[in-house]
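Q: Please find the sequence and the predicted model below.
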Amino acid sequence: MRKLILIATIFALSGGAYADIQAPPGSQYNATRKLGRAIGNILYGAVEIPEQFFRRSSQYGRKAGGSYGIIDGGYRTLKRFGYGCYELLTFYCPTYHGTFRPPYQKCGTDWRVEMNPQDGLSEFPPELGFESHFAHSRRQNH
């Protein structure tokens, strides 16, 4: 009889535990992700300079890439460094609307991690090279 009660209790608890594994929508944004985002923006924000150079060169030509691309990349690098320092100092507390989401990009009501080349920053700095399977890397045109 004890074994039957024990087995029934285990099945009942395992079903309840299975129902509790559902996470709220914003649970992927936490303090450790904010700290990682801050360190990534501080250390790798300078990657924006060659990224914007190549992006503007492919869109408007090499002269635009050498002038506008480098200036825009430098501006984006400074923005990333500023946001990185801010998030490094406040990584332990939810600062943006009571969440740990990045404060610098919102496209309508949808949060995206993709690059907005005109005016937005992605959550993490862009990747240089041939890595195309990350959502936050630049697009490869083959």
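A: Yep, it's here.
Q: my guess is Pro125 is in a strand, correct?
A: No - counting by DSSP: H, G, I helix; E, B strand; the rest coil, Pro125 is located in no strand; its state is coil.
Q: Go ahead and confirm it touches Gly45.
A: Yes - between Pro125 and Gly45 a contact is recorded at 5.5 Å, counting by CB atoms under 8 Å. The way it works is simple: take the backbone N, C-alpha and C, and place the C-beta from them, glycine included.
Q: quick one: low-confidence ranges for the chain?
A: Residue ranges of the chain with pLDDT under 70: 11-26, 104-120, 127, 129-142.
Q: longest helix anywhere in it?
A: Determined from DSSP state H, the single longest helix within the chain is helix 70-89.
Q: what packs against that one?
A: Judged by 3 or more CB pairs under 8 Å, 6 or more residues apart in numbering; DSSP states H and E, the packing partners of helix 70-89 are helix 31-44, helix 48-60.
Q: can you pull the buried residues of the first one?
A: This points to helix 31-44. For helix 31-44, burial by neighbour count (16 or more other CB atoms under 10 Å) applies to 34, 37-38, 40-42, 44.
Q: I'd like those residues as CSV, with distance to Gln59 appended.
A: Listed next are these as CSV, based on distance: CB to CB, whole Å:
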residue, distance to Gln59
Lys34, 32
Arg37, 27
Ala38, 30
Gly40, 26
Asn41, 24
Ile42, 28
Tyr44, 23
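Q: Out of those, which comes closest to Glu87?
A: Ala38 (3.7 Å; CB to CB).
Q: The helices and strands packed on helix 70-89 into JSON lines, with extra columns for distance to Tyr68?
A: Conversion of the helices and strands packed on helix 70-89 to JSON lines gives the following (distance: least, CB to CB, whole Å):
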{"stretch": "helix 31-44", "distance to Tyr68": "22"}
{"stretch": "helix 48-60", "distance to Tyr68": "5"}
